[in-house]
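1. Sharing a model that was predicted from the sequence below.
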Amino acid sequence: MSRIVLCAAASRLLILAALAIASALARSAIAEEKGAEISALAARIEALPDRSRLLFDLTGLPPVTAYPVANPPRIIVDLPQVLFRMEANAGLSPGDKLIKSYRYGIFAPRRSRVVIDLTGPAKILRADSEVATGGPRLVIELAPTSAAYFAVLAAEQARNQPAAPPPIIPLQTAKPTTDKPTVVIDPGHGGLDMGATSKNGELEKEVVLEFARALRQKIEEGGRARVLLTRDHDMFVPLAERVRIARENNAALFVSIHADTLSASRVEGATVYTVSERASDAEAARMAEKENLADQAAGLESKADAEQVGDILFELTRRETRSYSRQFSHSLISFWREVGALNKNPSRSAGFVVLKAFDVPSVLLELGYLSSDKDLAHLTSQDWRERAAQKTAEAVDAFISARGREARAPGDQPSDAARPQ
Ligand SMILES: [Zn+2]
């Protein structure tokens, strides 16, 4: 550049170009304030001798907030809404000595997040967005540090931001146009919580959302209930929020949809879970433990349940609700027999957080396992999905009708239920 002699015309052009860039930047800053979308197009890791650098190619310059979280050691990177237009599982095993894996996605309305799982304690050297030669990018630089120093930083962060407010999902406001009961369908996972992944790269969060949409359509066609989805697109919803949506909408039934993986690829078929203090078996206990980590996958701290233990009305309602949950679970299993893909032990129970609404009958339908070739073929077949959703909707209709009859003829309750009065 220094050897080029700039004539007056060329320098005027340069000034004009600089002005154009400045005004474009200003425009993008304003656009960003208005909530315009920034996209992430690709990510990669650069391992430098003394640090690991995680880079995302972006289409704009978002503000960046990063902080450490302990148990297990993670770095959380908070962003305004950034759409990750890239493979959902790119960060699963990046092969870095400090970054074990990373997840990214929408965390809440207008908020996105990157969660970096660490192989050991690390400190943040840098976390911001910048314009590089290839365009705007997000830069996160981490270096190993001592466990003691990491613990101090994480504790300080937790103190300054005690229980970082969980994202608030605007409650769906589809006001009932009829007095039809509400059924809440809960597609598991979402956003940066991907759930399970098949060996071909199918994601649980996508499989269950497609099933939930098909199920909504079948139930609505039946005409007995209105349906709410806890999420209708790819976003993270905390477990407690899913329960809240069911409770605040006075749901007659809550059905959470999952499709996990197991290390034993021979295990296959659908399973229906209800909530219980003691797990029905070791596999159910493991499954609940895994599902209950969903909030942690997105960087939320798990909170102890604030249950109104000791309140007699609460206890009675909970017993009655659980009895209805079991009733629906048995009915759902018998309807599913016609689809022909049941686990050898299809009725199980464990302490699933998402099933803990004490006054909404709740089940978790594990459609099948992404780790089983046979189940995977089902789960990715539109024809199977339609048939399975149809049978599930028939079970829902049967449950809603039976509850309706009971409401008209009180006294016809499930045998092991106590009524709260
Ligand atoms: Zn799941």
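-> Perfect, I can see it now.

2. what's the closest non-adjacent residue to the closest residue to the ion within the stretch 151-300 of the chain?
-> Going by CB to the ion, the ion is nearest to residue 258 of the stretch 151-300 of the chain, at 3.6 Å. Any C-beta I mention is one placed from the backbone N, CA and C, and that applies to glycine too. Nearest residue to residue 258 in three dimensions, chain neighbours excluded: residue 188, at 4.3 Å (CB to CB, 6 or more residues apart in numbering).

3. Ok, residue 370 next?
-> residue 198 is the one closest to residue 370 (CB to CB, 6+ apart), at 3.9 Å.

4. What is the burial count for the one you found?
-> Number of residues near residue 198 (other CB atoms under 10 Å) recorded here: 20.

5. so where's this structure shaky on pLDDT?
-> Where the chain drops to pLDDT under 70, the residues are 1-36, 161-178, 264-265, 301-310, 410-421.

6. which bits of it sit near the ion?
-> Contact residues (CB under 5 Å from the ion) of the chain with the ion: 188, 195, 258, 260.

7. quick revisit: I figured the residue nearest to residue 370 was touching residue 372, is that so?
-> No. Shown here, residue 198 and residue 372 do not form a contact pair, counting by CB atoms under 8 Å, at 9.4 Å.

8. Tell me how far residue 332 lies from residue 270.
-> 9 Å (CB to CB, to the nearest Å).

9. And for residue 151?
-> From residue 151 to residue 270 the distance is 43 Å (CB to CB).

10. okay, the two: which has more neighbours?
-> More crowded of residue 151 and residue 270, by other CB under 10 Å: residue 270, with 24 against 15.

11. was I right about residue 191 contacting residue 105?
-> Yes. Counting by CB under 8 Å, residue 105 is a contact partner of residue 191 at 3.9 Å.

12. Now the common contact residues for those two.
-> Shared contacts of residue 191 and residue 105, defined by CB atoms under 8 Å, 6 or more residues apart in numbering, are found at 113, 234, 235, 236.

13. which secondary structure element contains residue 127?
-> strand 122-132 (DSSP states H and E).

14. Residue of the stretch 301-421 of the chain closest to the ion, please.
-> Taking CB to the ion, the stretch 301-421 of the chain has residue 366 as its residue nearest the ion, at 7.7 Å.

15. Please name the nearest non-neighbouring residue to that residue.
-> residue 271 (4.3 Å).

16. The helix or strand containing the one you found: which residues count as buried?
-> Under the criterion of DSSP H and E, residue 271 resides in strand 270-275. Going by neighbour count (16 or more other CB atoms under 10 Å), the buried part of strand 270-275 is 270, 271, 272, 273, 274, 275.

17. so who does the second one touch?
-> Residues touching residue 271, when contacts are defined by CB under 8 Å, 6+ apart, comprise 342, 343, 345, 346, 347, 348, 365, 366.
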